[in-house]
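>>> What follows is a predicted protein model with its sequence.
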Amino acid sequence: MNLFAMIGSMTVDALRETGRMANFSGRSAISWVLGPFYWRAFFAALGRIGFTSLPVVGLTAVFTGAALALNIYDGSLRFNAETFLPQILGVSIVRELGPVLAALMVAGRCSSAMAAEIGTMRVTEQIDAMSTLAVDPFKYLIAPRILATTLALPILVLVANIIGIYGGYLVAVYALDFSGPVFITNLADFLTVRDVVTGLLKAAVFGFLIAVMGCYYGYRSRGGAQGVGAATRTAVVAGAVAVLASNYFMTSLFVET
């Protein structure tokens, strides 16, 4: 019976945490439309999340595209289908690897930062001071960060797609003796607007989830520096798991069967 009691307790705790997170997300979304909206905080978050994440996202994309081109060529060579490298590379990056890898990089970089910043403000009672001064913490701290991440990640993914395909192009042309014009023509003829839009929609959802995880665990952190550290760690892990799980469900929704 102790085993069943433990399973039941864990289930109840998981449902309670899910409800709290859903309530947190709903309150944050409502704060977007109910004034006042703090534009300065929004643009500051947009610059920190979007512009400063470009180097790490770009480096990840270029090396991923290069490595993927080599693996696709090696695998397709066994079936005499190496000419399909541009098509497979483009679809893989645009629909899956670009959004997922960019989201994981942003989760590791920005979700942890949000949790640390908001968690530090929570344990030092700065958030309580805001409420005392009639400043809604959700409108000033949470909503700008979530909206900025939701808007910035599709732009980062678009840049990652271009850089990743370019990395594969460099390997294909200069290491595998592909023709550059033929590579670009095959890629352009095969990729569709649906492929690109699918990846960007995924990126927007990933951005929302990443920001919610970072802000939620930072906002609920307790226990001083140790609590802030635990909140930061949990935010990164939860953000990565949310990205991978939601990617599967959205892929199953978007894939034509």
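Nice, thanks for sending it over. Numbering: from 1, shown residues only.
>>> Leaving out sequence neighbours, find the closest residue to the most centrally placed residue in the chain.
Among the residues of the chain, A103 comes closest to the average C-alpha position under Cα atoms, centre = their mean, at 2.5 Å. What sits nearest to A103 in space, not counting adjacent residues and going by Cβ to Cβ, 6 or more residues apart in numbering, is F206, at 3.8 Å. Just so you know, the C-beta spots here come from the backbone N, C-alpha and C atoms, and that holds for glycine as well.
>>> so what's the residue nearest to Y140 when sequence neighbours are not counted up against?
Ranked by Cβ to Cβ, 6+ apart and with sequence neighbours excluded, the top spatial neighbour of Y140 is Y38, at 5.3 Å. For Y38, the contact set (Cβ atoms under 8 Å, 6 or more residues apart in numbering) comprises K139, Y140, P144.
>>> wait, isn't the first one in contact with P36?
Translated: K139. Yes: look at K139 against P36 with Cβ atoms under 8 Å: they come within range, at 6.8 Å.
>>> Can you pull the poorly scored residue ranges out of the chain?
Across the chain, the stretches falling below the confidence threshold (pLDDT under 70) are 1, 256-257.
>>> Going by residue numbers, what spans are helices in it?
Assigned by DSSP state H, the chain shows helices spanning 2-33, 39-46, 54-77, 85-92, 98-106, 112-123, 126-132, 137, 143-174, 180-190, 193-219, 224-254.
>>> Which strands or helices does the fifth one pack on?
So that's helix 98-106. Under the contact criterion of 3 or more Cβ pairs under 8 Å, 6 or more residues apart in numbering; DSSP states H and E, helix 98-106 touches helix 54-77, helix 143-174, helix 193-219, helix 224-254.
>>> Next, the angle helix 180-190 makes with the second one.
I take that to be helix 143-174. Relative orientation of helix 143-174 with respect to helix 180-190: 130 degrees, computed using axes from the mean of the first three to the mean of the last three Cα atoms, to 10 degrees.
>>> Centre of the chain to helix 143-174, how far?
Centroid displacement of helix 143-174 relative to its chain, using Cα atoms, centre = their mean, to the nearest Å, is 11 Å.
>>> do the shortest one as well
When C-alpha coordinates are averaged (Cα atoms, centre = their mean), helix 54-77 and its chain have centres 19 Å apart.
>>> Enumerate the positions of it that are buried.
V57, G58, T60, A61, V62, T64, G65, A66, L68, A69, I72, Y73 (16 or more other Cβ atoms under 10 Å).
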